[in-house]
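Student: Sequence and predicted structure, then a few things I'm wondering about:
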Amino acid sequence: MSLSVKIGEWLNPIVIKEMRQAVKGSFTSWTLMLVLAIQLVIIGCVVVLSEDIGKNFDIGPGLFTGLLAVLLFICLMFLPLFTGGRLSQEKSNSNTDLFFITTLTPVQIIRGKLFAALTVALLFFTASLPFMTLTYLLRGLDLPTIFIILAYNFILTAFSIQFCIFLGCIAGGIVSRILILLACLIPLFILFQAGIASSSGMLHKGLGSTLGTWEFWSNALTFTSVMLIVIGLLFVLSASFIAPTSANRLLGVRLYLVFTWLAAGVIAVSWFFGTGEKDYINIWLVTMVLIFGTNMIASVCEHQPVSKRIASVIPKKLIRRIPAFLFYSGPAGGVVFSAVAMTATLLVYPLLSMAGSKFNNSISVSSNETYLISIGLVFYFCCYALTSLDIKTIFFKNSISTRSTIIGIIALLIIGSIVPIVIGFLMRKNLWQELPPLWYIGNPLVLFLKKKIWVECFTFTSVWLIIVLSFSMPWFVKQFRSFRPIETDQNAS
């Protein structure tokens, strides 16, 4: 197979359709001309109105920041919203488009959307580059710093585009999708401000002068790796959202979560061994617990029956069926997968504490508050997830929808976290009397706010977990026994 054929297959019809509409439509051309016109006006005003332009070294960085703000407003806010909005419109039930009738895989569809949007963003960056390099002539900044800042903000642009694509893939009605896209204006605006502020800090620091140091490359490689991991996670989640419900759509997500666990762990451990600071391990620890805890809650909301499409690829041998049970789509496997992942995450601290005497002084399992909080979060995640699962399987016989399950989990969290506090406040005899700590014991945030009752929290959640696990264990056993290939079912019948 020739290289041109391979490139043609990789550039799927989604990419061609998006790029053709971008070229033929007036949106891209008019927006590009508007950005360039605004930047040209800014440069003209600064050059004409500045009297000490040849002596003031702050004019160059200030002008570059203004030009960058115009570029980032389009690439970090307008372009991602436009891409996510179009994807959400194509995904609507009232619109039959190539999105529905194509034989392309969900991964190819998301990749095409992302590649087309990144190409348009790259067009804006390259068109603005000549104006930005002119600021070098005004002194106060160097060309390496300019290129580093542009590369940094292009990574932020890729993240914002993939984030809006992810939101555009969420199922729901027209009103809910519009509300979701409007709500994402807040994080996009925060990202826009962060991009401007961090770029300004790089300018004043003169980041280009540190290109030959390991400090620059270690930070740059870490930032790039973390952002690529996050973008990849949003990518596989987007592909799973648009995949058919009968497909094994969570296999890629759970495999990528394992990759995320390993890659982020390697980065955190590398920084820990290089600097001796435990903050990197703490960040990785809490982040992984939150990610897999959220995955456990999401697994409870999955549909229970295994489709024939999934059953046709279930391994026949038990030794291969066990890992398949964890990674294939299904609520039982998802809950067990998340529990195993969180347990493995918590084991990192004891392993590092035994790694050597040099690091025993840095990490102490018994005295590390972050580690104890992470253990508490794991208990709370398991308790609320399994309680919701027991209510769903025992009282509703798995007859409620995914949306109703999500609402039920939120209601259960409110009942356990807020209602006891409200009742306690109403029962107080003295208005200024402080509530006893046990009134907060159902709220997971108590781990961060009241350290004095950690023992009570661990005792309460342990008993709670044992009770709900005793009710759900027969269901897990039943789910694993029914997880077998379709040929076995046919022979048995």
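Tutor: Sure thing, it's come through.
Student: Next one: V175 from I375, what distance?
Tutor: 41 Å (Cβ to Cβ, to the nearest Å). Glycine gets a C-beta too; all of them are placed from N, C-alpha and C.
Student: Okay, domains of the chain per the record?
Tutor: Per automatic domain parsing, the domain ranges recorded for the chain read 8-243, 246-488.
Student: where does the stretch 151-300 of the chain dip in pLDDT?
Tutor: Low-confidence segments of the stretch 151-300 of the chain (pLDDT under 70): 171-173.
Student: hmm, back to that, higher neighbour count, V175 and I375?
Tutor: I375 (21 against 8; other Cβ atoms under 10 Å).
Student: show me where the protein has strands.
Tutor: Using DSSP state E, no strands are found in the chain.
Student: most distant residue from the middle of it?
Tutor: E51 (47.9 Å; Cα atoms, centre = their mean).
Student: what about the closest residue to S200 other than its chain neighbours, neighbour count?
Tutor: Spatially, and ignoring its direct neighbours in sequence, S200 is nearest to T65 (5.5 Å; Cβ to Cβ, 6 or more residues apart in numbering). Around T65 there are 17 other residues, counting by other Cβ under 10 Å.
Student: do the same with T157
Tutor: 25.
Student: burial count for the residue nearest to it when sequence neighbours are not counted?
Tutor: Leaving aside its chain neighbours, T157 sits nearest to C75 (4.5 Å; criterion: Cβ to Cβ, 6+ apart). Other residues near C75 number 29, with proximity taken as other Cβ under 10 Å.
Student: any idea how far I178 lies from A332?
Tutor: From I178 to A332 the distance is 35 Å (Cβ to Cβ).
Student: Between these two, tell me which one has more neighbours.
Tutor: Each of I178 and A332 has its neighbours counted (other Cβ under 10 Å); A332 has more, 24 against 13.
Student: quick revisit: ok, the residue nearest to S200 - contacts?
Tutor: 196, 199-200, 203 (Cβ atoms under 8 Å, 6 or more residues apart in numbering).
Student: nearest to V226, of those?
Tutor: S199 (18.2 Å; Cβ to Cβ).
Student: Just the terminal-to-terminal distance for stretch 292-312.
Tutor: End-to-end distance of stretch 292-312: 28 Å, with Cα to Cα, to the nearest Å as the criterion.
Student: cool, stretch 20-28 as well?
Tutor: Using Cα to Cα, the end-to-end distance of stretch 20-28 comes out at 11 Å.
Student: Could I get the contacting residues of L185?
Tutor: Contacts of L185 by Cβ under 8 Å, 6+ apart are 77, 81.
Student: Next, work out how far apart it and F166 are.
Tutor: As judged by Cβ to Cβ, L185 and F166 stand 15 Å apart.
Student: what's the pLDDT at I16?
Tutor: I16 is assigned a pLDDT of 70 by the prediction.
Student: Can you report how many residues lie near it?
Tutor: Residues within reach of I16, counting by other Cβ under 10 Å, total 13.
Student: Neighbours of A339, how many?
Tutor: Neighbours around A339, by other Cβ under 10 Å: 20.
Student: Excluding chain neighbours, what is closest to it?
Tutor: C382 (6.5 Å).
Student: repeat for L413
Tutor: Spatial nearest neighbour of L413, excluding adjacent residues (Cβ to Cβ, 6+ apart): Y384 at 6.1 Å.
Student: how far away is that neighbour from G84?
Tutor: The value you get for Y384 to G84, if Cβ to Cβ is used, is 30 Å.
Student: do L318 as well
Tutor: Taken as Cβ to Cβ, the span from L318 to G84 is 43 Å.
Student: who's more crowded, the two?
Tutor: Per other Cβ under 10 Å, whichever of L318 and G84 has more neighbours is G84, with 28 against 8.
Student: How about the contacts made by the more buried one?
Tutor: So G84 contacts 164-168, 181, 184 (Cβ under 8 Å, 6+ apart).
Student: Take the residues you listed and lay them out in a markdown table including neighbour count and distance to A243.
Tutor: Output for those, formatted as a markdown table (neighbours: other Cβ atoms under 10 Å; distance: Cβ to Cβ, whole Å):
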| residue | neighbour count | distance to A243 |
| --- | --- | --- |
| C164 | 29 | 19 |
| I165 | 27 | 14 |
| F166 | 22 | 14 |
| L167 | 23 | 17 |
| G168 | 26 | 15 |
| L181 | 18 | 21 |
| C184 | 20 | 22 |
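Student: Please flag which of those sit within helices.
Tutor: Members of the contacts of G84 lying in helices (criterion: DSSP state H): 164-168, 181.
Student: picking that back up, how much space separates the residue farthest from the centre of the chain from I59?
Tutor: Between E51 and I59 the distance is 10 Å, computed by Cβ to Cβ.
Student: One more: W214?
Tutor: For W214 relative to I59 (Cβ to Cβ), the value is 33 Å.
Student: right, and the residue nearest to T157 touches F125 too?
Tutor: Yes - with contact defined as Cβ atoms under 8 Å, C75 counts as touching F125 (7.3 Å).
Student: any common contacting residues for those two?
Tutor: What both C75 and F125 touch, as defined by Cβ under 8 Å, 6+ apart, is an empty set.
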